[in-house]
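A.B. asks: sharing a sequence plus its predicted fold:
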Amino acid sequence: MPRTALARTGIAAALTLLAIGAQAQTVLKIGYTPAKDSHYWVGATAFCAEIEKNTQARFKCQQFPSSALGGEREQIEAVQLGTQDLVITSTGPVGNFVPEVKIVDIPFLFRDYDHARKVFDGPIGQDLLTKFPPKGMVALVWTENGFRHITNSKRPIVKPDDTKGLKVRTMENKVHMDGYRTFGMLPTPMAFPEVFTALQQGTVDGQENPIPVITSSKFSQVQKHLSLTGHVYSPALLLLSNTVWSKLSEADKRVFLDAAKTSAAAQRKKVDEDDANGVALLESQGMQVVRTVDKAAFQEALKPAYVAYAKEFGADNIKKIQDVK
Ligand code: EAX
């Protein structure tokens, strides 16, 4: 073969390889409500790095932090439809899609991080993950938002009575709202993208979220008081559209599930770090922090709600979660 022809063949072959490479690369859209550098971003970044590395870059991600793809309910709907590939979401709106999940949103159900992580990584949590595929989504892993605390612009909160009459933004979550009403507060459900402005304009007096959300959302700019109520554990999930999952090879499915585990570990680590450092940071930004909250009084106030929870979810099922050591 003459030299130029040989060169041409070589170039053509290289171009074909490039084309195959380009064709075979799938870019997955992953969204979440917290900002870049938040715990969700850490989780997403770890997941994306793992799948890219372990599929020889046949898969990579494009990240959409800061609610760029909407609130959590909207993003879950998009994942269900397959117009969005992945979402990391709190369980806030999840019970409206997969009712079995609602039980984990009961306030004061989990003693501490250890307890919660054990439940979600154990049989109870893993069984809940199996409820998602019939709803059009694969729940790859339980990850974490953190224990939620109340912030507000009016006064320090030590006991339930201090919340009386406060308009507090909550997630669109009936289990939370029913519980919080027993504290005395007026729960106002609202999608996350609206929260900062609502706090700024005084449409609501307060909100409740874990430290990593309070710091990454800069709520200290619009809230004076932080009470470390830890009134509910807020789990999170990494959800993948069935549309993507059903096209994956068995080997790629394994890669995605392993990547999800790595991601959850990284996200939980970031929650730990933010919980350890975030409160002092918020103080330095001008927030007044109540560290000693009368948790027993909050639990006492919650008793009527627990009667209703037991009716709805079964006292046995609640006890099964509480009994995990
Ligand atoms: O998942 O809506 C909320 O308050 C959530 O905690 C936030 O979107 C992160």
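C.D. replies: All right, it came through fine.
A.B. asks: does Val289 fall in a helix, a strand, or a coil region?
C.D. replies: Secondary structure, DSSP: H, G, I helix; E, B strand; the rest coil: Val289 is strand.
A.B. asks: show me what contacts it?
C.D. replies: If a contact means CB atoms under 8 Å, 6 or more residues apart in numbering, then Val289 has 225-228, 279, 282-283 as its contacts. Quick note: C-beta positions are derived from backbone N, CA and C, even for glycine.
A.B. asks: contacting residues around the closest residue to it other than its chain neighbours?
C.D. replies: Using CB to CB, 6 or more residues apart in numbering and skipping residues adjacent in sequence, the residue nearest Val289 is Leu226, 4.9 Å away. By CB under 8 Å, 6+ apart, the contact list for Leu226 reads 149-151, 214, 279, 282, 287-290.
A.B. asks: repeat for Asn317
C.D. replies: For Asn317, the contacting residues are Ile103, by CB under 8 Å, 6+ apart.
A.B. asks: check for me that it belongs to a strand.
C.D. replies: No: counting by three-state DSSP, one finds Asn317 to be helix, located in no strand.
A.B. asks: for Pro189, give me phi and psi.
C.D. replies: For Pro189, the backbone dihedrals are phi -70, psi 140 (criterion: degrees, to the nearest 10).
A.B. asks: isn't it up against Val175?
C.D. replies: No: using CB atoms under 8 Å, Pro189 makes no contact with Val175, being 11.8 Å away.
A.B. asks: of the contacts of Leu226, buried ones?
C.D. replies: For the contacts of Leu226, a burial check counting by 16 or more other CB atoms under 10 Å picks out 149-151, 214, 279, 282, 287, 290.
A.B. asks: per-residue confidence for Ala24?
C.D. replies: Per-residue pLDDT puts Ala24 at 80.
A.B. asks: just to revisit the earlier point, tell me if I am right that the residue nearest to Val289 is in a helix.
C.D. replies: No: using three-state DSSP, the assignment for Leu226 is strand, not a helix.
A.B. asks: ok, the buried ones among the contacts of Leu226 vs Gln63, which is closest?
C.D. replies: Ranked by distance to Gln63 (CB to CB), those are led by Ile214 at 21.4 Å.
A.B. asks: pull out the buried positions in the longest helix anywhere in the chain.
C.D. replies: Looking across the chain with DSSP state H, the single longest helix is helix 250-284. Within helix 250-284, the residues scored as buried using 16+ other CB under 10 Å are 252, 255-256, 258-264, 266-268, 270-271, 274-275, 278-279, 282.
A.B. asks: and for stretch 105-114?
C.D. replies: Neighbour-count burial for stretch 105-114, counted by 16+ other CB under 10 Å, picks out 105-110, 113.
A.B. asks: next: stretch 233-253.
C.D. replies: Buried residues in stretch 233-253, counted by 16+ other CB under 10 Å: 233-242, 244-245, 248, 252.
A.B. asks: reformat the contacts of Val289 as a markdown table; add distance to the ligand and pLDDT.
C.D. replies: What follows is those, written out as a markdown table (distance: CB to the nearest ligand atom, whole Å; pLDDT from 0 to 100):
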| residue | distance to the ligand | pLDDT |
| --- | --- | --- |
| His225 | 18 | 98 |
| Leu226 | 15 | 99 |
| Ser227 | 16 | 98 |
| Leu228 | 16 | 98 |
| Val279 | 17 | 98 |
| Leu282 | 16 | 98 |
| Glu283 | 21 | 98 |
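A.B. asks: right, I'll leave it there.
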